[in-house]
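*Asks:* coords please:
(one chain, ligands or ions: 1)
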Amino acid sequence: MILKPGREKSLLRRHPWVFSGAIDRLDGVPESGESVQVRASDGRFLAWAAYSPRSQIRARVWSFGESERPGKGMLRTRIERALALRRSLELVESTNAQRLVHAEADGLPGLVVDGYGDTLVIQVLSAGIERCRDDIADFLCELTGCAGIYERSDADVRELEGLPVRAGAIRGDAPPVPLEIVEHGIRYAVDVQGGQKTGFYLDQRDNRRRISELARGRDVLNCFCYTGGFSLSALAGGARSVVSVDSSGPALALARRNAALNGLDAPGTEWLEADVFRYLRDARTQGRSFDLIVLDPPKFAPTEKHAPAAARAYKDINLNALRLLRPGGLLATFSCSGGVSADLFQKIVAGAAADAGASATLRGRFQAAPDHPVLLEFPEGEYLKGLLLQRN
Ligand code: SAH
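*Replies:* Here you go, the predicted model:
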């Protein structure tokens with residue numbers, strides 16, 4: 001694969017994607033997922049990459065050294081390295097569920113592996129990973145000693161890669177539904193077969209704990225609660241009341257079950273199946289107010305192209321949440337959109353506060369838990385960001 005003149009710059013900075021528009025020509029016709037050499041217009045070697053004929057991200061880099069050839073040896077080493085990093089984080093003290101492989105950040109573009117106890121759940125999200133999926137499954141079994149691997153390759157991004165949707169057990173038996181994990185002392189039932197993503201939002205682990213520390217004595221509103229993570233954390237931390245809102249019935253059913261599992265289904269907990277955009281307006285009409293609000297919406301902007309529409313949606317929920325916040329109240333507001341930078345997100349929230357007529361102090365920032373590492377040369381990987389604000 002030869003790039004157009006000048007289009008080698010991002011690869012020289014070790015950014016791992018080659019967009020279709022940067023390519024001048026191909027040598028031959030590589031198969032989907034095949035490893036190809038990427039060269040500059042002057043013929044200079046740039047990288048080994050996995051070819052993806054359908055995707056706008058036409059190739060994803062395996063390595064930047066000509067002698068570092070992709071293959072089984074590289075796969076095994078990368079998986080070993082990813083597991084060694086997780087061991088060094090010593091998360092076992094706080095949880096038995098963690099992200100074991102985080103795609104580009106672990107040198108395995110398009111591969112996500114989450115470990116829930118001894119069950120692994122994998123997502124294969126690129127043509128390159130699809131091609132070596134069997135080897136990956138074998139290495140994961142060998143290196144983790146897991147009981148089984150369940151595949152959840154049913155994410156929308158597979159379509160962009162021209163790959164069919166697929167889900168099911170690929171090693172061992174299908175895991176129980178739900179299975180149970182523990183995180184910071186809270187038990188969660190997780191549906192790895194039917195839940196969102198691989199079943200649980202592991203990236204918010206430490207932020208859930210932070211909310212637990214802030215919740216004592218507060219009336220809490222948790223918007224986009226999914227299976228109750230922030231709600232249970234707030235209740236465990238001594239919240240006075242918690243209202244939780246989500247549009248997914250199955251997620252709420254599991255959330256209720258999780259509350260019961262932990263003896264946290266006390267009076268004062270409300271679980272509402274509703275659209276958050278509507279709920280925030282209705283709550284204002286009803287004169288409700290809170291002193292801790294969590295906003296953890298789904299990805300409004302998967303790519304930069306969606307940023308303007310996403311900005312409107314973020315502004316709307318932040319503005320209406322701030323209106324429900326009592327003076328001195330806290331707002332923990334998140335964005336998991338790769339297409340919205342931390343800087344842009346802060347500007348949107350500041351605009352929302354101005355329009356709500358609310359002055360707020362920035363008390364802190366949130367990021368993904370450390371088992372979701374971020375490569376400096378790949379800023380898109382820093383998808384989760386959050387602000388902790390206090391209303392003055
Ligand atoms: N905070 C959660 C994860 C949130 S994921 C945790 O810690 O586990 C985002 C959630 O938003 C999903 O559960 C999804 O069902 C819900 N959702 C998406 N759009 C919504 C809307 N318009 N109103 C209410 N919930 C919505």
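*Asks:* which residues in the stretch 251-392 of the chain form strands?
*Replies:* 269-273, 290-295, 325-335, 360-367, 385-391 (DSSP state E, counting those that start in this stretch).
*Asks:* same check on the stretch 101-250 of the chain?
*Replies:* Under DSSP E, counting those that start in this stretch, the stretch 101-250 of the chain gives strands at 111-116, 119-124, 148-153, 166-171, 179-183, 186-190, 219-223, 241-246.
*Asks:* make JSON lines out of those and add distance to the ligand and mean neighbour count.
*Replies:* Heads up, the C-betas are built off the backbone N, CA and C, glycines and all. Shown next, in JSON lines, are the strands of the stretch 101-250 of the chain (distance: least, C-beta to the nearest ligand atom, whole Å; neighbours: other C-beta atoms under 10 Å):
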{"stretch": "strand 111-116", "distance to the ligand": "13", "mean neighbour count": "26"}
{"stretch": "strand 119-124", "distance to the ligand": "15", "mean neighbour count": "25"}
{"stretch": "strand 148-153", "distance to the ligand": "15", "mean neighbour count": "21"}
{"stretch": "strand 166-171", "distance to the ligand": "18", "mean neighbour count": "15"}
{"stretch": "strand 179-183", "distance to the ligand": "10", "mean neighbour count": "19"}
{"stretch": "strand 186-190", "distance to the ligand": "9", "mean neighbour count": "21"}
{"stretch": "strand 219-223", "distance to the ligand": "7", "mean neighbour count": "27"}
{"stretch": "strand 241-246", "distance to the ligand": "4", "mean neighbour count": "24"}
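*Asks:* could I get the contacting residues of Tyr116?
*Replies:* Applying C-beta atoms under 8 Å, 6 or more residues apart in numbering, we find Tyr116 in contact with Asn96, Ala97, Pro175, Leu179, Ile181, Val190, Val192, Thr198, Gly199, Phe200.
*Asks:* go again with 10 Å.
*Replies:* Contact analysis of Tyr116 by C-beta atoms under 10 Å, 6 or more residues apart in numbering lists 95-98, 146, 150, 175, 178-181, 188, 190, 192, 198-200, 202.
*Asks:* could I get the strands of the stretch 101-250 of the chain as CSV with mean pLDDT?
*Replies:* Output for those, formatted as CSV (pLDDT from 0 to 100):
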stretch, mean pLDDT
strand 111-116, 98
strand 119-124, 98
strand 148-153, 97
strand 166-171, 96
strand 179-183, 98
strand 186-190, 98
strand 219-223, 98
strand 241-246, 98
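*Asks:* will you turn those into a markdown table that also has distance to Pro5?
*Replies:* A markdown table is the format used below for the strands of the stretch 101-250 of the chain (distance: least, C-beta to C-beta, whole Å):
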| stretch | distance to Pro5 |
| --- | --- |
| strand 111-116 | 32 |
| strand 119-124 | 34 |
| strand 148-153 | 37 |
| strand 166-171 | 40 |
| strand 179-183 | 51 |
| strand 186-190 | 50 |
| strand 219-223 | 49 |
| strand 241-246 | 50 |
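*Asks:* which one of those strands lies nearest to Arg13?
*Replies:* Ranking these by proximity to Arg13 (C-beta to C-beta) places strand 111-116 first, at 22.6 Å.
*Asks:* can you tell me the strand partners of that closest one and which way each runs?
*Replies:* Neighbouring strands of strand 111-116 in its sheet, by DSSP bridges, are strand 97-102 (antiparallel), strand 119-124 (antiparallel).
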